[in-house]
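Asks: heads up, no residue letters with this:
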């Protein structure tokens, strides 16, 4: 073989082998970089972002998040409760025992049903003790007017500024009556519908002076929900003609009615016609 040609062939083969090895190394480097990039991406996806510092998280429905995920102004600090029914703060309330004489029973409602009594203590101011209506018969059986009693209750100041007890229990001699929920009947009574028609004779108001119902010319008491009373406003005036339909209030188990009075006709209105307009008020 010609030596020059052989030398050229060897040189060409060496150059070709060098290019192939360089291409292989480049491919390997690209694959390695791709593999490292994929692993880094997967690691970033698997690792959650660091939690925000306390107080720096997003605001929730209760305001800014505080320590341990507690809510802000709406919920208040953990362990505290907002005002309960009637504006009273929930939680623990101090029970006070008062000894004295039960003076008389009262009915502070349209239905002439006893729901309070006057207590004259041995010393100090006279108290009005409020109790659930369904306890009226039990209380009258345990303590008559003039009896010495011990009353446990929680003291409150009403909208009219007067102090009263919310009843917890009463002891008279060997008998004790405790505040307990009413026994629900096995068969709920069927509501009796009624219609009341006439002119407004009187506006019934609560201790704050807000209208809570009307008395018609035939002595029927028409009770309306607060939202309806607020919307009707000054349309409810003495002498205005109204017609209401709704359910009659019936006596509940355990209630005691004022002696010598007949059960008033009380209609819980669901519709009301006033001034030529008929309203749905339930």
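Replies: That came in fine, so what should we check first? It should be emphasised that the depicted structure is a prediction, and the values quoted were computed from it without experimental measurement.

Asks: remind me which residues of the stretch 51-200 of the chain are low pLDDT?
Replies: Within the stretch 51-200 of the chain, the ranges that satisfy pLDDT under 70 run 51-90, 158, 160, 163.

Asks: which parts of stretch 197-212 are buried?
Replies: Buried residues in stretch 197-212, counted by 16 or more other C-beta atoms under 10 Å: 198, 200, 211, 212. For every residue, glycine as well, the C-beta is placed using N, CA and C.

Asks: Out of the residues you listed, the closest to residue 271 would be?
Replies: Out of the buried residues of stretch 197-212, the one with the shortest distance to residue 271 is residue 198. That distance is 15.5 Å, counting by C-beta to C-beta.

Asks: a helix runs through the closest one, doesn't it?
Replies: No. Residue state for residue 198 (DSSP: H, G, I helix; E, B strand; the rest coil) corresponds to strand; a helix is not indicated.

Asks: Report the buried residues of stretch 133-150.
Replies: Within stretch 133-150, the residues scored as buried using 16+ other C-beta under 10 Å are 133, 134, 135, 136, 138, 139, 140, 142, 143, 149.

Asks: whoops, I mixed them up, stretch 227-242
Replies: Of the residues in stretch 227-242, those scored as buried under the neighbour-count criterion (16+ other C-beta under 10 Å) are 229, 232, 236, 242.

Asks: any idea which element residue 137 lies in?
Replies: Remark: residue 137 resides in helix 136-142, with elements defined by DSSP states H and E.

Asks: Which strands and helices lie in contact with that helix?
Replies: The contact analysis (3 or more C-beta pairs under 8 Å, 6 or more residues apart in numbering; DSSP states H and E) places helix 136-142 against strand 96-106, strand 163-172, strand 175-178.

Asks: contacts for it?
Replies: Surrounding helix 136-142, the residues in contact under the criterion C-beta atoms under 8 Å, 6 or more residues apart in numbering are 105, 113-115, 117, 131, 170, 172, 175-177, 254-256.

Asks: before we move on, the earlier item: and among the helices and strands packed on helix 136-142, the most buried is which?
Replies: Stretch with highest mean neighbour count among the helices and strands packed on helix 136-142: strand 163-172 (a mean of 19; mean count of other C-beta atoms under 10 Å).

Asks: My guess is residue 252 contacts residue 134. True?
Replies: Yes. Under the contact definition of C-beta atoms under 8 Å, residue 252 touches residue 134, with a separation of 6.0 Å.
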